[in-house]
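# following is a predicted model, sequence given first.
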Amino acid sequence: MCNWCVVKKSGIFALLLVVLTSCFKGKSVDLIIHNAQIHTMNDKAEVFEAMAIKDGKIVELGAERQILNKYTADEEIDAAGKDVYPGFTDAHGHMLSYAKQLLSADLVGSKSFDEVLVRLEKYQSKHNRKFILGRGWDQSLWGTTEFPTNEQLNKLFPTTPVCLIRIDGHALLANDALLKLANITPTTAVDGGIIHVKDGKCTGLLVDNAMNSVYSLIPEYPKKELIQAMLDVQHELFQYGITGVHEAGIENKDIAFFKELIDQHDFRLNTYAMLMPSKENIAFARKNGIYHYKNLSIRSFKVMGDGALGSRGALLKKPYSDDHAHFGVLTTPVAEMKRIATICELTGYQMNTHAIGDSTNNLLLSIYKGIFEVNKDHRWRIEHAQVIDPKDFSLFSQYGIFASVQPTHAVSDQRWAEARLGKERMKGAYAYKSLLQLCGMLAIGTDFPIELTDPFLTIHAAVQRKNSDNFPVSGFYSNESISLEECIKGMTIWAAFASFDEERLGTLEKGKEATFSVFVNKVSAGPEYQPNFAAYTFIKGKKVYSVE
Ligand SMILES: [Zn+2]
């Protein structure tokens, strides 16, 4: 019996109206996006004109008339032919560090140490903090390879402790007031770190594990300020169409902080948080197992394998080409890494290890081998995978290991990478195409706040191998460039695989979450950097950002 017959028989006029409406205007949904170029990023690389959304999920994709004839919606968005992509994920970022950076003295881009001092004075006159924290200096921008020393800093701030963290987070400059507070002397011994000493006196420069005793003294910012800074970070990410972050390393107390942000402050970013392997966090994993709380997921540990290349902390098989006495440092002992691997195996957690140098990568590949023997779908990751001995490349595919890379690191490091490594080792450095060909997938991110959050800089760096100034003209080791589609997959569906989220995120397909962005400009990867922003960003069918 058709609807018409039901209505005739019942004779209820109101019902007739409802049925008429549904017959002519179609099924009701919450939202329709139409007149768009909807890049599904599915296996067939399908592009559709329109998409219907209900209860936060995609109901159907299709041609303009197909969707508009079939559905009626509370809200319709005419995208004016613009590109729509699944929400981008930054597969390796640090939201909490970025928020804290926003609250500390910003030293990023300082052109000299004098400029660092000027910025500090300005900051302190505004905030009058009892402990001054600055972040983001980089001596390679000052036309020198020499690390700074703290004499001028001591003159300016003789009693207030000052801690200035280098852009890569692997070195810091402390003034004497802070060194005294941390009980650091020229003879203090540190495993996996360096205390720089000159003429029998500490210069204030501390590298890798040597920073730990200073870190423990850094006071927390007032909670209210930190919450606002996190919401500012979220807003910036939404502006770029980023809807998820793999937060690379949080402490136990941060779990409650994220939950509070979600429950009380409308924090909606999909957050895949990696736990630092502290005693409390290991207890958390043992107790809770794989853990989901609204938009927060926890099922991985972040382990620090070595330092960074810029501060010569990355552990290399052979000495640094520009410092023959130096190999770099392993920041976590091998036995400890093996212990964490066992805990990951037992708890079903993923192990995500920071490994920059070819020696650390080789070591991790041999540790990860064990998990592949018991679980083929473990998805354990190497974060950065920056310098690989070409002999070791095939081990990534052999043991099913995910490489999590940051293309902007390649173009930021271009100034000194070859000096550190020499020409021969560069063949296996920032080698994203080689890794992709072997692994079939890459998780792609930025490591913000070390780099900027802008995913279009990532696209430019991955495809053109150039920085925001379009340098170098012919691309930095451009034989390792990947395609625009591959780069976007690294920020969408492959990033979803890297966090076990591919069933609900990463592509725009029927049944998946309606998490996507409409972009102001065409998403492209031409020879010039093309700035772009989201016009709208949606998470689970809800508008979280609009350019208006
Ligand atoms: Zn990182």
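Nice, thanks for sending it over.
# which residues does Gly313 contact?
Gly313 is in contact with His170, Ala171, Val207, Asp208, Asp306, Gly307, Gly328, Val329, Thr331, Ile356, counting by Cβ atoms under 8 Å, 6 or more residues apart in numbering. The C-beta positions use only the backbone N, C-alpha and C, and glycine is treated the same way.
# surely Val214 forms part of a helix?
Yes - assessed with DSSP: H, G, I helix; E, B strand; the rest coil, Val214 lies in a helix.
# assess the claim that it and Leu172 are in contact.
Yes - using Cβ atoms under 8 Å, Val214 is in contact with Leu172, at 6.5 Å.
# so what sits against both of these two?
In contact with both Val214 and Leu172: Cys163, Leu206, using Cβ under 8 Å, 6+ apart.
# mind checking which of those two has more residues around it?
Leu172 (25 against 19; other Cβ atoms under 10 Å).
# which residues are in contact with the more buried one?
The neighbourhood of Leu172, defined by Cβ under 8 Å, 6+ apart, consists of Cys163, Leu164, Ile165, Arg166, Leu205, Leu206, Met211, Val214.
# sitting in helices, which of these do you find?
Judged by DSSP state H, these include Val214 as members of helices.
# nearest to Tyr368 among the contacts of Leu172?
Each of the contacts of Leu172 was scored against Tyr368 by Cβ to Cβ, and Met211 proved nearest at 27.1 Å.
# ok, that closest one to Ile184 distance?
10 Å (Cβ to Cβ, to the nearest Å).
# so which of these two has more stuff around it?
The neighbour comparison of Met211 against Ile184 (other Cβ under 10 Å) goes to Met211, with 24 against 20.
# name the element the residue nearest to that one when sequence neighbours are not counted belongs to?
Distances taken as Cβ to Cβ, 6 or more residues apart in numbering place Leu172 nearest to Met211, at 5.2 Å, with adjacent residues excluded. Using DSSP states H and E, Leu172 sits within strand 171-174.
# isn't Ile382 right next to Ile401, touching?
Yes - counting by Cβ under 8 Å, Ile401 is a contact partner of Ile382 at 6.1 Å.
# list residues touching both of those two?
With Cβ under 8 Å, 6+ apart as the test, Ile382 and Ile401 both reach Leu365, Tyr368.
# of all the contacts of Leu172, which two lie farthest apart?
Arg166 and Val214 (12.7 Å).
# leaving out sequence neighbours, find the closest residue to the residue of the stretch 301-450 of the chain found nearest the ion.
In the stretch 301-450 of the chain, no residue comes nearer to the ion than Asp447, which is 4.4 Å away by Cβ to the ion. Among residues not flanking Asp447 along the chain, Gln406 sits closest, at 4.7 Å (Cβ to Cβ, 6+ apart).
# please apply the same query to Leu395.
Leu365 (4.3 Å).
# distance of the residue nearest to Met211 relative to the ion?
16 Å (Cβ to the ion, to the nearest Å).
# same thing with Ala273?
Distance from Ala273 to the ion, by Cβ to the ion: 13 Å.
# what packs against the strand or helix carrying that residue?
Using DSSP H and E, Ala273 sits in strand 270-275. Strand 270-275 is packed against strand 242-250, helix 252-264, helix 279-288, strand 296-304, with contacts defined by 3 or more Cβ pairs under 8 Å, 6 or more residues apart in numbering; DSSP states H and E.
# all good on my end, thank you.
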